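Participant: Here is a sequence together with a model predicted from it:
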Amino acid sequence: MTATTAPLTSTYSALDAWIDQHFDEEVHFMQALVRVPTDTPPGNNAPHAERTAELLKDFGYEAEKHAVPAADVQAYGMESITNLIVRRKFGSSDSKGPTIALNAHGDVVPPGEGWTHDPYGAEIVDGKMYGRATAVSKSDFASFTFALRALEAVAKPSHGAVELHFTYDEEFGGELGPGWLLQKGLTKPDLMIAAGFSYEVVTAHNGCLQMEVTVHGKMAHAAVPHTGVDALQGAVHILNALYAQNQEYLKVTSNVAGIKHPYLNVGRIEGGTNTNVVPGKVTFKLDRRMIPEENPAEVEANIRRVIEQAASERTGISVDIRRLLLANAMTPLAGNKPLVDAIQKHAQELLGEPVPALGTPLYTDVRLYVERGIPGVIYGAGPRTVLESHAKRADERLDLEDLRRATKVIARTLKDLLS
């Protein structure tokens, strides 16, 4: 071991020890966050931001509260958003160094049915914490906060800065979360790490197009159906045309490891007035995942053509098509290499296995940083797969040892990047 690596190794051990000594406190912090519901929709998330700011104050961290105007939030389809920024600058006021943002989102989908544990109980059973957002991503409110605390207590960087970005609009696309902070000029980091899982470093992800399609027919009494135009039959014909596209998408493959091919899902459908009435209107919402190589404008144009062509094949049927969301894919920026290298090095040492850098079929609000030229990766506390985490399903859970290890990886990575 050389003279330069010996102090670093000693510092890593000291960071690990600090995190171990304060791990019960970290777990309690995370439990407090999980116990404040943030179901989105309806998206009344300001109370959680207030609670988070209170808890951060106990650590000596003053969180800036950036409330998005109520009219903007309500027009967006949510109730309240207050985004938080904690800024910690190291060294003298004129010292130089990178600003590293750590971003996690507090908004989550509603719990749904089938839970065997209270979705907001943060119950710990056999070393796992159960509850909505335990895996995605209130766990990384904890991992990022305690990694920063460990860094300040042990490593004491002489330059650079770390910012905690705790935002509340990932489920609706991020435009009023990180997008709003960036657009308002409230932050401009040099590098960023966003909430993720412990066994991979994500450097790319899919894009997402969401659309609402309203199919119009003509209502009629079910006893004389020929006097109407069945909007549901029209919708079924359109849906069959859309689902047929999934077979075509199988022929399109991505070159990004971890991402396979595009696909389309229809997640919600509603319409009609009663069982004895020919439905005059049916509405459905679709989600089209785009691989990084696809052009979003071309994807949207093609979806519209498929819908309009299918509608034209049914007499009396018309359609309205409304875009709900267009989230671009995240593609790697060259400047993310120091992030990837540091995380891979420390994760392999702490997890005892190689941690690949790859893409994910999910979409996230990390793209909003990358679109502004800020290199970023996705890494945090979680299992090997989304399926294992039960994210967006009943009994979402997090292995607390993954929380401990991810916190250490982030703390060590910050030490490397600010040295």
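Facilitator: Everything's here; your move. Nothing here was measured: the structure is a model prediction, and the numbers come from that model.
Participant: give me the element the most centrally placed residue in the chain is part of.
Facilitator: Closest residue to the average C-alpha location of the chain: Thr364 at 4.2 Å, with C-alpha atoms, centre = their mean. Counting by DSSP states H and E, no helix or strand carries Thr364.
Participant: do Gly60 as well
Facilitator: Applying DSSP H and E, one finds Gly60 in no helix or strand.
Participant: from now on call the first residue 34
Facilitator: Noted, 34 is the first residue going forward, which turns the last one into Gly93.
Participant: pLDDT wise, what is it at?
Facilitator: At Gly93, the predicted lDDT confidence score is 97.
Participant: For the stretch 184-333 of the chain, which segments are assigned as strands?
Facilitator: Applying DSSP state E, counting those that start in this stretch to the stretch 184-333 of the chain gives strands spanning 194-200, 224-227, 234-238, 240-249, 253-254, 296-304, 310-311, 314-323.
Participant: Identify the residues contacting Ala375.
Facilitator: 445-446, 449-450 (C-beta atoms under 8 Å, 6 or more residues apart in numbering). In short, each C-beta sits where N, CA and C put it, glycine included.
Participant: Distance from the chain centre to the helix or strand harbouring it, please.
Facilitator: In the assignment (DSSP H and E), Ala375 maps to helix 370-384. Mean C-alpha position of helix 370-384 versus that of the full chain (C-alpha atoms, centre = their mean, to the nearest Å) differs by 21 Å.
Participant: Alpha carbons of that helix, in CSV - could you do that?
Facilitator: The C-alpha trace of helix 370-384 is given here as CSV (Å, rounded to 0.1, in the frame of the first residue of the first chain):
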residue,chain,number,x,y,z
LYS,A,370,-17.2,8.6,-15.8
PRO,A,371,-15.8,9.7,-12.4
LEU,A,372,-19.2,8.9,-10.8
VAL,A,373,-19.4,5.5,-12.4
ASP,A,374,-15.9,4.6,-11.6
ALA,A,375,-16.1,5.6,-7.9
ILE,A,376,-19.5,3.9,-7.3
GLN,A,377,-18.4,0.7,-9.1
LYS,A,378,-15.2,0.6,-7.1
HIS,A,379,-16.8,1.1,-3.7
ALA,A,380,-19.9,-1.0,-4.4
GLN,A,381,-17.8,-4.0,-5.4
GLU,A,382,-15.8,-3.7,-2.3
LEU,A,383,-18.8,-3.4,0.0
LEU,A,384,-21.1,-5.8,-1.8
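Participant: what packs against the helix or strand that it is followed by?
Facilitator: Going down the chain from helix 370-384, the next helix or strand is strand 390-393, by DSSP H and E. If contacts are counted by 3 or more C-beta pairs under 8 Å, 6 or more residues apart in numbering; DSSP states H and E, strand 390-393 sits against strand 234-238.
Participant: just to revisit the earlier point, quick one: residues contacting the residue nearest to the centre of the chain.
Facilitator: Residues in contact with Thr397 (C-beta under 8 Å, 6+ apart) are 203, 207, 227, 238, 363, 411.
Participant: I figured the fifth one was touching Cys241, is that so?
Facilitator: No - the pair formed by Met363 and Cys241 falls short of the contact definition of C-beta atoms under 8 Å, at 10.9 Å.
Participant: Please enumerate the shared neighbours of the two.
Facilitator: Common contacts of Met363 and Cys241 (C-beta under 8 Å, 6+ apart): Tyr396.
Participant: of those two, who's got more company?
Facilitator: Met363 (30 against 22; other C-beta atoms under 10 Å).
Participant: give the contact list for that one.
Facilitator: Each residue near Met363 by C-beta under 8 Å, 6+ apart is listed here: 236-238, 325, 396-397, 399-400, 403, 409.
Participant: Just give me the neighbour total for the residue nearest to Glu333 when sequence neighbours are not counted.
Facilitator: Leaving aside its sequence neighbours, Glu333 sits nearest to Leu242 (C-beta to C-beta, 6 or more residues apart in numbering; 5.7 Å). By the criterion of other C-beta under 10 Å, Leu242 has 23 neighbours.
Participant: So for Leu242, what pLDDT did the model give?
Facilitator: Looking at Leu242, its pLDDT is 96.
Participant: What distance separates the opening and closing residues of stretch 307-318?
Facilitator: From its first residue to its last, stretch 307-318 covers 21 Å (C-alpha to C-alpha, to the nearest Å).
Participant: What lies in contact with stretch 249-264?
Facilitator: Contacts for stretch 249-264 (C-beta under 8 Å, 6+ apart): 248, 265-267, 304-306, 308-315, 348-353.
Participant: what's the span of that stretch, first residue to last?
Facilitator: Terminal residues of stretch 249-264 are spaced 6 Å apart (C-alpha to C-alpha).
Participant: I'd like the average pLDDT over that stretch.
Facilitator: Mean pLDDT, stretch 249-264: 97.
Participant: re earlier: now, which of the contacts of stretch 249-264 lie within helices?
Facilitator: Judged by DSSP state H, helices contain the following of those: 265-267.
Participant: Most neighbours among the residues you listed, please name it.
Facilitator: Neighbour-wise, those (other C-beta under 10 Å) top out at Gly267, 24 neighbours.
Participant: residue contacts, the spatially closest residue to that residue that is not a sequence neighbour?
Facilitator: Of all residues not flanking Gly267 in the chain, Ile350 sits nearest, at 3.8 Å (C-beta to C-beta, 6+ apart). Ile350 is in contact with 248-250, 262, 264, 267, 270, 344, counting by C-beta under 8 Å, 6+ apart.
Participant: Distance of Ile350 relative to Ile443?
Facilitator: Note on Ile350: its distance to Ile443, by C-beta to C-beta, to the nearest Å, is 53 Å.
Participant: likewise Val158?
Facilitator: Look at Val158 and Ile443: by C-beta to C-beta, they are 26 Å apart.
Participant: So those two - more neighbours on which side?
Facilitator: Set Val158 next to Ile443 and count neighbours by other C-beta under 10 Å: Ile443 wins out with 31 against 10.
Participant: what's the closest non-adjacent residue to that one?
Facilitator: Nearest to Ile443 is Ala180, by C-beta to C-beta, 6+ apart, at 3.8 Å.
Participant: Which of the contacts of Ile350 has the largest number of neighbours?
Facilitator: Neighbour tally across the contacts of Ile350 (other C-beta under 10 Å): the maximum, 30 neighbours, falls on Val248.
Participant: That one reaches Gly267, doesn't it?
Facilitator: Yes - between Val248 and Gly267 there is a contact under C-beta under 8 Å: 4.9 Å.
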